[in-house]
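S.K.: Need coordinates for the below:
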Amino acid sequence: MDQDRFPIPAPAFDGASRQVEIGNLFQWFREGWAAFVVNPGNWLAMMLIVVIAFIGVSIVPFLGGIVAQLLTPLLAAGLLVACRKIANEQPFTVADLFAGFQQKTGELLMLGVVYLVAVWVIALLVVLFAGGGVVGGLAMGNPLGLVLAAGGFLVGGLLWLLLSIPLTMAMWFAPALVLFNDMAPVAALKASFQAWLKNFTTFLVLGLLLLIATFFAVLPFGLGLLVLGPVVAGTVYASYRDIFLTT
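M.R.: All right, here's what the predicted structure looks like:
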């Protein structure tokens, strides 16, 4: 058969991921920083827009938080588009931040909806399992009650942490998989979660490093977050390419 006339189509992307060495995460960080230094001015402008947008919507009670959750995947998609352009040695502009409002908008919004509902479910579980201890302890109004309340806070915090980490990792790759690989939102969340399970130790170390970086970034009045944000976006994109696109 003449393959020039009847080309064999490339297999469809199925969301398959691979396990990587733990040392790869340092290369992800290096690529994240390298992406930032390509054009710091554009990155800082994009981050300022993000900050202003979230401050603006947060002014509206209750609804502001909902809108912020829905906007997050769309704005994250824009940052990832900029990262992909840099990786392909193409120029990027501040307007790339709004790429998620121009393509795959519905799917990205659905990611925000799923994340929002999941956060509410986690909050409900925390209240159900730990809220009684906190309220009951405070109502006692004595040292023993304070101990019970503190225990309730501790249980609630641990439960929130245990449930929010898997949710965060399900969202880690989801915008990229939706935007770049045409995956459905639920399938993208599942693929992202499976990639996390395959690389549990690597992402555990990555999470600890990001916590440390965030601590130092917020010290100078939070201004360091304007730099850390693009670096994290570059790190996410580098890890996406390494785990999903490298054979």
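
S.K.: Can you name the residues that contact the closest residue in space to residue 18 that isn't next to it in sequence?
M.R.: Spatial nearest neighbour of residue 18, chain neighbours left out: residue 243 (5.9 Å); criterion: C-beta to C-beta, 6 or more residues apart in numbering. The C-beta positions use only the backbone N, C-alpha and C, and glycine is treated the same way. Neighbouring residues of residue 243 by C-beta atoms under 8 Å, 6 or more residues apart in numbering: 17-18, 20, 173, 195, 198-199.

S.K.: Weed out the non-buried ones from the residues you listed.
M.R.: 17, 20, 173, 195, 199 (16 or more other C-beta atoms under 10 Å).

S.K.: wait, what's in contact with the fourth one?
M.R.: Contacts were defined as C-beta under 8 Å, 6+ apart; by that measure residue 195 touches 17, 172-173, 243-244.

S.K.: Touching, residue 94 and residue 48? I think so.
M.R.: No: with contact defined as C-beta atoms under 8 Å, residue 94 and residue 48 do not form a contacting pair (9.5 Å).

S.K.: Comparing those two, which residue is more hemmed in?
M.R.: When neighbours are counted by other C-beta atoms under 10 Å, residue 94 comes out ahead of the other of residue 94 and residue 48, with 17 against 12.

S.K.: For the more buried one, which non-adjacent residue is closest in space?
M.R.: Closest residue to residue 94 apart from its sequence neighbours, by C-beta to C-beta, 6+ apart: residue 45 at 4.9 Å.

S.K.: in this structure, which helix or strand is least confident?
M.R.: helix 132-140 (a mean of 66; mean pLDDT, DSSP states H and E).

S.K.: Just list what the helix or strand following that one packs against, helices and strands only.
M.R.: Downstream of helix 132-140, the next assigned helix or strand under DSSP states H and E is helix 143-172. Packed against helix 143-172, as judged by 3 or more C-beta pairs under 8 Å, 6 or more residues apart in numbering; DSSP states H and E, are the following elements: helix 105-126, helix 132-140, helix 185-198, helix 200-218.

S.K.: Now with 10 Å, please.
M.R.: helix 63-87, helix 105-126, helix 132-140, helix 185-198, helix 200-218, helix 225-240 (3 or more C-beta pairs under 10 Å, 6 or more residues apart in numbering; DSSP states H and E).

S.K.: starting at the chain centroid, how far to that helix?
M.R.: From the chain centre to the centre of helix 143-172 is a distance of 20 Å (C-alpha atoms, centre = their mean, to the nearest Å).

S.K.: Rounded mean pLDDT for the helix or strand just after that helix, please.
M.R.: With elements assigned by DSSP H and E, the helix or strand that comes after helix 143-172 is helix 174-181. Mean pLDDT, computed over helix 174-181, is 96.
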